[in-house]
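>>> give me coordinates for this.
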Amino acid sequence: MAGTLTFCHATAEFTRNVGDIVSCPKQYFTEYVPFSEIDYVHNPEGPVIFGGGGFSDNVYNIMLAVKNRPKIIWGMGTNVQGYGHRPHYLRDFDTFDLVGCRDWGSPYRWVPCVSCMSPLFDKLKDTRIVHEVVVYEGWVSPIYSPYPTMANHAMNGLIRCLRHIASGAIVVTNSYHGIYWAHLLGRKAAGIWLANSKFPVMRYPVPNSDNVKDAIANAIAPGVGYLAECRAATLAFRQEVNKVLQKHGIQFTT
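Numbering: from 1, shown residues only. Sure thing, here's the model as predicted:
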């Protein structure tokens, strides 16, 4: 099947979470031109790449609607709200042309959130640490503390959020991307109120705490070379994506 490639992902019209907005592959790889763009609430036509972000009912519905079309999952993951839930995946994933899941230890190939490809990490990873602790909170789930704080609201933009995270030695957060980006920048991440199935299956999961003091005490550092590891996995998956697209007659620049 030939046609225009479609990216199905969260847009600013659908979410205010900056992490979701900057998690689409088309933002980092220029070969996918031309393409069409939709968010999770529309029913796409043509070949579809889903990702990134967490799975939701809307995503599942769209996936089922395009079951006879070429389809790829790129860097998505489990997203069950609440404590103690196991990761959940559709059996229909076996019908996909290619599945890259951001969850460590899932039944599928590990492919982290594509935001690791942002050149901002290269610019900011050696930022001088000026705070022992900073807080990066979900914009609908504030964390009250005496430490410098920023929310993951889209109005702050990726560069402001990363600068804030990079300024601290320890990042206290209840945000998936707060943990992910802190680790990509080589900072320790401290988790508080991590009420979702996505947190235990991160590459370097952090303990859940119910107060800031305990979160700081339980902060976890990433493994050495984590940014390079994520980028290598992403670039390898990109090659497989391009093979699938070529097989289905999708044209893109090289």
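>>> contacts, neighbours, all on C-alpha from now
Noted.
>>> mind giving me the domain split of the chain?
Domain assignment for the chain, taken from automatic domain parsing, gives 5-115+230-247, 118-222.
>>> ends of the last one, what's the gap?
Read that as domain 118-222. 18 Å (C-alpha to C-alpha, to the nearest Å).
>>> now stretch 91-106: buried residues?
By neighbour count with 16 or more other C-alpha atoms under 10 Å, stretch 91-106 contains the buried residues 93, 98, 99, 100, 101, 102, 103, 104, 106.
>>> in strands only, show me the residues you listed.
Of the buried residues of stretch 91-106, the ones assigned to strands by DSSP state E are 98, 99, 100, 101.
>>> and the helices in the stretch 101-250 of the chain?
Using DSSP state H, counting those that start in this stretch, the helices found in the stretch 101-250 of the chain span residues 120-124, 157-166, 176-184, 212-217, 226-247.
>>> in a markdown table, list those helices along with mean neighbour count, mean pLDDT and distance to residue 81.
Shown next, in a markdown table, are the helices of the stretch 101-250 of the chain (neighbours: other C-alpha atoms under 10 Å; pLDDT from 0 to 100; distance: least, C-alpha to C-alpha, whole Å):
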| stretch | mean neighbour count | mean pLDDT | distance to residue 81 |
| --- | --- | --- | --- |
| helix 120-124 | 15 | 97 | 29 |
| helix 157-166 | 20 | 97 | 24 |
| helix 176-184 | 25 | 98 | 12 |
| helix 212-217 | 17 | 98 | 20 |
| helix 226-247 | 16 | 96 | 25 |
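>>> quick one: which of these is nearest residue 71?
Counting by C-alpha to C-alpha, residue 71 lies closest to helix 226-247 out of the helices of the stretch 101-250 of the chain; the figure is 9.2 Å.
>>> gap between the closest one and the chain center?
Centroid separation between helix 226-247 and its chain, computed with C-alpha atoms, centre = their mean, to the nearest Å, is 15 Å.
>>> and for it, what's in contact with it?
72, 97-98, 100, 110-112, 114, 116-117, 183-186, 251 (C-alpha atoms under 8 Å, 6 or more residues apart in numbering).
>>> want to throw the helices of the stretch 101-250 of the chain into TSV with distance to residue 11?
Below are those laid out as TSV (distance: least, C-alpha to C-alpha, whole Å):
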stretch	distance to residue 11
helix 120-124	20
helix 157-166	13
helix 176-184	16
helix 212-217	31
helix 226-247	21
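>>> out of these, which is closest to residue 53?
Short answer: helix 176-184, nearest of those by C-alpha to C-alpha, at 9.7 Å.
>>> tell me the helices and strands packed up against that closest one.
helix 157-166, strand 168-173, strand 188-192, helix 226-247 (3 or more C-alpha pairs under 8 Å, 6 or more residues apart in numbering; DSSP states H and E).
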